[in-house]
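In: Prediction below, plus the sequence it came from.
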Amino acid sequence: MDQTKELYQKFKAKLEAVSGECYRVKTAKEAGELVRNLLKEKGVQNVALLNDSISQKGNFANQLDEAGIDVKLDRFREVTPDAQAGISQVSYAIAELGTLVQADADANVDQRLCSTLVPIHVALVYTSKLIPTLMETMATLHRLPQIPGFVGFITGPSRTSDIERVLTIGVHGPKQLVVVFVDEQVEGVA
């Protein structure tokens, strides 16, 4: 098994162990089709879409609109509290943990709103950004030209438990996390 496939399988197993969904497609266009179909199956009627390189290349806005899903592309402070899903691209994925990493030079509030204030978060990530371990991820972050002003880690849907150890999903964030890995690389995105 090649290393990428092995890392993906490890990530998928870890994510599914905490009730996340994980998919892998070859192209951004296939990612758009997959996301459109998943959201339709889940009954989503409106979405906050942070239009990053994968969603732009995959023409997500048009695909979702054609499927009858209302797409909001801006004013996230206003629209995310009522959005049924949010779509954003994350920087990295950590195979050993099944964890996503958001890393931005500034504290990108729009990205955080689209990934935390919605009941369903669809996270897009390039397969080439799948890193084996947390240690390697931290080293990668420290090698960036500018250390990010914001780094967030996402592992599965939001979960919390009270003093009696009663687990509740979705209290402090999304009830569902869907991760879509895209093999295709867009020029200029390393």
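Out: Sure, I can see it.
In: C-alpha only now, for contacts and for neighbours.
Out: Fine.
In: Could you pull out the helices in this structure for me?
Out: Applying DSSP state H to the chain gives helices spanning 3-17, 28-41, 53-57, 60-66, 76-79, 109-116, 134-143.
In: Most tightly packed of these?
Out: Across the helices of the chain, averaging neighbours per residue (mean count of other Cα atoms under 10 Å) puts helix 109-116 on top, at a mean of 21.
In: which outside residues touch that helix?
Out: 48-50, 76-77, 80, 85-88, 121-123, 172-174 (Cα atoms under 8 Å, 6 or more residues apart in numbering).
In: For stretch 15-24, measure first residue to last.
Out: 13 Å (Cα to Cα, to the nearest Å).
In: That should have said stretch 92-102, apologies.
Out: 7 Å.
In: filter the contacts of helix 109-116 to the buried ones?
Out: Applying 16 or more other Cα atoms under 10 Å to those, the neighbour count classes 48-50, 76, 80, 85-88, 121-123, 173-174 as buried.
In: Now tell me which of the residues you listed the prediction trusts least.
Out: Lowest-confidence member of the buried ones among the contacts of helix 109-116: Gly173, scoring 56 (pLDDT).
In: of all the helices of the chain, which lies closest to Val151?
Out: helix 134-143 (9.1 Å; Cα to Cα).
In: Can you tell me the closest non-neighbouring residue to the residue positioned nearest the centre of the chain?
Out: The centroid of the chain falls nearest to Ala123 when counting by Cα atoms, centre = their mean (1.4 Å). Nearest residue to Ala123, sequence neighbours excluded (Cα to Cα, 6 or more residues apart in numbering): Val179, at 4.8 Å.
In: go on, Ser128?
Out: Asp183 (7.0 Å).
In: Of the contacts of helix 109-116, which is the nearest to Lys14?
Out: Among the contacts of helix 109-116, Ala123 lies closest to Lys14 (Cα to Cα), at 15.6 Å.
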